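Chemist: Sharing a model prediction with you, sequence too.
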Amino acid sequence: MTTARTVLRLALAAIVALVVVGPAAAQDANLDPSKLVTPPLHHVQVPKPERYVMPNGIVVFLLENHDLPVVKGTAYLEASPLWVPAEKAGLGYLTGQVMRSGGTAAHPGDWLDDRLAAIGASINTAIDVTDDMAHGGFYSLIENAPEVIGLFAETLRAPAFPEDKIELSKVDLRQQIASRNDEMINMLVRVASEAVYGNDNPYARKPEYATVEAIKREDCQKLHARVFQPNRVVLAIYGDFKSADMKKLLAARFGDWKRGDAAPVPPPPVPKETRQRVVFAPKDDVTQTGVVLTQISFRMDDTDYPAMSLLEMVLGSGDQSRLYRHIRTDRGLAYATGAYAGADYTRPGVFIAYSLTRNDSALTALGMLRDETERVTRHAVTEAELKTARESAQNRLVFQLAEPATVLFRTALYEVAGYPLDFLDRYQKALEGVTTAGMLEAAQRKIQPGQLVTVLVGKEKEFEKPLESLGQPVERVDIAIPPPPSKVSAGQASPEALARGQAWLKKAADLAGGGAAWATIKSVTMEREEVLTMQGQSMGMSSVMHWRLPDRVVAIRKLPMGEIKQGYDGTNGWMAAMGQIKDEPGVAAEMKKQYERSMFHLFAEPGAYQVQAMEPRTVDGVAYNVAFVKSEDTKDWLLYFAPDGSLARSEYVGEGMGGGPARMLEIYADWKPVGSIKYPHSEKTLADDKPVLDAKLTRLELNPTLADDLFKKPAQ
């Protein structure tokens with residue numbers, strides 16, 4: 001059946017055809033669309049807002065627009081990276097996030113979520129010290145603006161920073177840390193920034209598990225008090241209001257906010273030049289290598305910024321750029337390639353020219369990347385390239401700043417960054433005046449081939465030539481993520497504590513059939529019914545696992561939406577789901593940990609573990625003997641033995657559902673005989689005290705014959 005929407009779409013298409021082509025043109029067989037003339041783009045029009053300063057120092061920009069019954073605003077503030085100690089990297093992100101998620105004493109974050117959703121409004125806050133900036137924003141229908149602006153002011157001025165929201169934000173940060181080596185582009189930018197600025201520079205710092213763990217509530221309060229002072233605030237408000245009324249509302253909500261000691265903070269020093277060298281970060285679980293040429297760049301208020309903006313377009317922005325055409329299209333050597341001039345508002349940024357290529361073509365692609373980058377410093381671009389670049393830059397501005405509100409908020413950003421308020425007008429006029437000779441001169445000033453740092457991230461053993469063949473010093477850097485700090489204080493293991501721990505483990509093994517019986521098990525097939533819980537939602541599934549000990553495994557899970565198979569053949573890991581098959585390089589390390597923690601190893605060789613008795617613990621009224629297991633692979637591993645001596649719980653640091661580290665707890669119950677051993681038929685798994693998996697064993701076969709082909713990666 002033809003829907004009303006389809007009819008409307010066809011009708012509109014017909015109308016457009018008549019309007020654009022017209023009856024006469026439709027009959028003109030000589031019409032040549034390529035000869036149609038496109039009128040030049042107009043400059044982005046910069047609105048003229050009202051600017052005033054409140055008695056407490058808040059700079060306010062007001063711009064009325066009565067097209068829609070909405071009001072929105074953004075506040076910008078300076079936030080120096082020097083205000084975040086290196087040992088608490090991540091504090092800025094966490095503080096900005098919890099300002100909103102935690103709400104205030106009068107209006108907690110969960111209440112804010114519900115209330116704002118009910119009235120179609122929003123409030124957000126963020127602190128990004130690596131950009132020297134903090135900001136907050138709101139959106140509201142006009143009838144709710146007094147309430148929303150009041151809540152916005154309260155959020156900026158008096159956040160509560162509740163402990164539970166701080167911990168939730170830490171979970172988010174841990175997940176970001178855990179996944180930071182997953183995307184090649186992100187890795188390249190990070191390693192390049194560290195190579196240019198230096199690892200110890202505040203602009204190159206990144207959070208680690210240890211720095212996140214060190215953050216306390218009082219740290220958030222201290223940073224907030226330093227950043228959020230009225231005489232640091234630049235507030236821009238746009239929408240359906242009358243300026244006189246808005247001034248009264250702002251005075252009522254912000255007027256009694258007392259000025260702070262907001263002295264100007266000089267930015268951290270950055271290097272004026274870079275030292276030519278090769279920086280290599282090994283990553284053996286990838287099939288592609290990222291290559292980068294990088295150096296220190298410049299601020300946006302540099303006189304070369306307009307010319308370098310256009311040079312960026314010519315060199316590496318879009319499918320008409322030189323890098324794209326020569327490396328990707330002509331040679332087929334790049335999955336992706338491009339360049340970024342590196343201009344930044346508050347500090348010199350980082351110039352980057354990059355390419356993603358196969359491991360075995362890394363140095364070839366690098367050579368082409370260097371040739372094209374150096375060529376723009378020796379020879380002027382063509383007039384055609386300049387024309388295309390200028391049109392692209394102007395077109396980008398038009399689309400980025402299509403709304404007057406966006407231009408207004410950009411003006412507020414200029415105020416905080418110390419730029420002239422007509423900076424956008426000046427930039428657009430400067431773009432018009434760029435020449436090919438001017439671009440060459442700017443490139444020669446801003447790109448120094450003798451200072452370019454070469455960065456590679458990839459699998460070195462598959463490179464077509466040694467890195468040393470590049471003729472530059474090679475600096476190898478480790479991008480492995482440091483593990484989280486230990487939360488278990490086991491102390492020095494005494495002989496008595498080791499003997500008691502070993503005795504507890506042996507007794508648990510004896511109760512489950514004895515080490516000799518477990519040692520005869522060389523393979524298992526296990527079937528279970530499982531309930532998976534994620535973010536409060538539960539889903540039932542069934543699973544079958546075939547495991548040839550210690551390191552051949554295939555697991556099949558049947559979910560409502562289809563089947564997922566995961567396997568490891570002793571060398572390669574893989575996953576097949578929804579018709580797709582992909583490699584999983586990290587399975588080897590996880591398989592080693594899983595076997596170490598499994599009862600098939602723990603009970604078969606209890607004497608192979610160093611088990612240290614610790615103080616007893618009482619959980620839900622049950623007193624457990626607790627032992628710490630020393631391990632190089634499993635962190636903070638504790639075993640809980642029930643009053644009867646059986647193994648009741650296993651606790652350790654593992655990977656949570658979001659990818660970050662989590663405190664995992666496995667609870668065993670319903671032990672039943674299977675052949676000559678006893679095995680728990682009920683197992684519950686919790687991550688950071690939240691239920692994740694509830695499994696019931698329905699079948700366990702010991703020592704089945706499992707052929708090698710069972711574990712092999714399926715054909716595509």
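Modeler: The structure has been received and is ready for your questions. Numbering: from 1, shown residues only.

Chemist: V350: what's it in contact with?
Modeler: Contacts here follow CB atoms under 8 Å, 6 or more residues apart in numbering; on that basis V350 touches 189, 192-193, 196-197, 294-297, 342. (Each C-beta comes from the backbone N, C-alpha and C, glycine too.)

Chemist: Let's see which of the residues you listed end up in strands.
Modeler: Among the contacts of V350, DSSP state E puts 294-296 in strands.

Chemist: ok, so of those residues, who is nearest L386?
Modeler: Of all the ones in strands among the contacts of V350, Q295 has the smallest distance to L386: 23.6 Å, by CB to CB.

Chemist: looking at it, that closest one is touching R275, isn't it?
Modeler: No: using CB atoms under 8 Å, Q295 is not in contact with R275; the gap is 9.7 Å.

Chemist: Identify the contacts common to these two.
Modeler: By CB under 8 Å, 6+ apart, the residues touching both Q295 and R275 are 451, 453.

Chemist: Compare those two (neighbour count), which wins?
Modeler: Taking other CB atoms under 10 Å, Q295 and R275 do not tie; Q295 has more neighbours (26 against 14).

Chemist: For R328, see how far away the more buried one is.
Modeler: Computed as CB to CB, to the nearest Å, the Q295 to R328 distance reads 23 Å.

Chemist: At the geometric centre of the chain, which residue do we find?
Modeler: The chain has Q176 as the residue nearest its centroid, 5.0 Å off, counting by CA atoms, centre = their mean.

Chemist: quick one: which helix or strand includes that one?
Modeler: Element membership for Q176, per DSSP states H and E: helix 163-178.

Chemist: tell me which residues of that helix are tucked away?
Modeler: The neighbour-count check on helix 163-178 (16 or more other CB atoms under 10 Å) flags 165-166, 168-178 as buried.

Chemist: just stretch 377-393 next, same as before
Modeler: For stretch 377-393, a neighbour-count test (16+ other CB under 10 Å) marks 377, 380-381, 385-386, 388-390, 392-393 as buried.

Chemist: Which parts of stretch 71-88 count as buried, going by neighbours?
Modeler: For stretch 71-88, using 16+ other CB under 10 Å, the buried residues are 71-81, 83-84, 88.

Chemist: which one of those residues sits closest to R347?
Modeler: P81 (9.5 Å).

Chemist: so that closest one touches D128, yeah?
Modeler: No: using CB under 8 Å, P81 is not in contact with D128, being 9.3 Å away.

Chemist: Determine the three-state secondary structure at R649.
Modeler: Under DSSP: H, G, I helix; E, B strand; the rest coil, R649 falls in the strand class.

Chemist: Measure how buried the closest residue to it other than its chain neighbours is and give me the count.
Modeler: Leaving out its chain neighbours, the residue that sits closest to R649 by CB to CB, 6 or more residues apart in numbering is Y640, at 3.6 Å. By other CB under 10 Å, 22 other residues sit near Y640.

Chemist: Is Y640 bridged to anything, and to what?
Modeler: Judged by DSSP bridges, the bridge partners of Y640 are V626, R649.

Chemist: got the contact list for it?
Modeler: 617, 619, 624-626, 647-651.

Chemist: What pLDDT is listed against it?
Modeler: pLDDT, Y640: 97.

Chemist: ditto for A25
Modeler: pLDDT at A25 comes out at 40.

Chemist: same check, this time on the one 10 residues further on
Modeler: Note for K35: predicted pLDDT of 67.

Chemist: Over to the one 4 residues further on?
Modeler: Among the per-residue scores, P39 holds a pLDDT of 66.

Chemist: that's a strand at K247, yeah?
Modeler: No: secondary structure of K247 (three-state DSSP): helix, not part of a strand.

Chemist: got the contact list for it?
Modeler: By CB under 8 Å, 6+ apart, K247 lies in contact with 52, 60, 62.

Chemist: Same question for T436.
Modeler: Neighbouring residues of T436 by CB under 8 Å, 6+ apart: 380-383, 386.

Chemist: Distance-wise, check the closest residue in space to it that isn't next to it in sequence relative to P449.
Modeler: The shortest distance from T436 to any non-neighbouring residue, by CB to CB, 6+ apart, is to A380 (4.3 Å). Per CB to CB, A380 is found 16 Å from P449.

Chemist: domain ranges for the chain?
Modeler: In terms of domains, the chain is parsed into 4-35, 50-254, 278-403+426-476, 496-711 (source: automatic domain parsing).

Chemist: distance between the last one and the chain's centre?
Modeler: Between the mean C-alpha point of domain 496-711 and the mean C-alpha point of its chain there is a distance of 30 Å (CA atoms, centre = their mean, to the nearest Å).

Chemist: Distance across that domain, terminal residue to terminal residue?
Modeler: Start-to-end span of domain 496-711 (CA to CA, to the nearest Å) is 44 Å.

Chemist: starting at the chain centroid, how far to the helix or strand containing L311?
Modeler: Assigned by DSSP H and E, L311 belongs to helix 305-316. For helix 305-316, the separation from the chain centroid amounts to 28 Å (computed by CA atoms, centre = their mean).

Chemist: Output the contacting helices and strands for it.
Modeler: Under the contact definition 3 or more CB pairs under 8 Å, 6 or more residues apart in numbering; DSSP states H and E, helix 305-316 sits against helix 322-323, strand 336-340, strand 350-358, helix 362-378, helix 383-400, helix 423-433, helix 436-446.

Chemist: of the ones you listed, which approaches S543 most closely?
Modeler: strand 350-358 (36.4 Å).

Chemist: Can you give the distance from the closest one to the centre of its chain?
Modeler: The answer for strand 350-358 is 19 Å, by CA atoms, centre = their mean.

Chemist: likewise stretch 453-470?
Modeler: 26 Å.

Chemist: List the buried residues in that stretch.
Modeler: Going by neighbour count (16+ other CB under 10 Å), the buried part of stretch 453-470 is 453-460, 463, 467, 470.

Chemist: so where's the stretch 301-450 of the chain shaky on pLDDT?
Modeler: Counting by pLDDT under 70, not a single residue of the stretch 301-450 of the chain qualifies.

Chemist: re earlier: farthest-apart pair in the buried residues of stretch 453-470, please.
Modeler: Largest separation among the buried residues of stretch 453-470 by CB to CB: V453 and K459, giving 20.5 Å.

Chemist: Find the nearest non-adjacent residue to V270, please.
Modeler: P348 is the one closest to V270 (CB to CB, 6+ apart), at 5.5 Å.

Chemist: and the residue nearest to Q400 when sequence neighbours are not counted, what helix or strand is that in?
Modeler: Using CB to CB, 6+ apart and skipping the chain neighbours, the partner closest in space to Q400 is T406 (7.2 Å). Per DSSP H and E, T406 falls inside helix 404-417.

Chemist: Point out the other helices and strands that that helix packs with.
Modeler: Secondary-structure packing of helix 404-417 (3+ CB pairs under 8 Å, 6+ apart): strand 59-64, strand 70-78, strand 234-239, helix 423-433.
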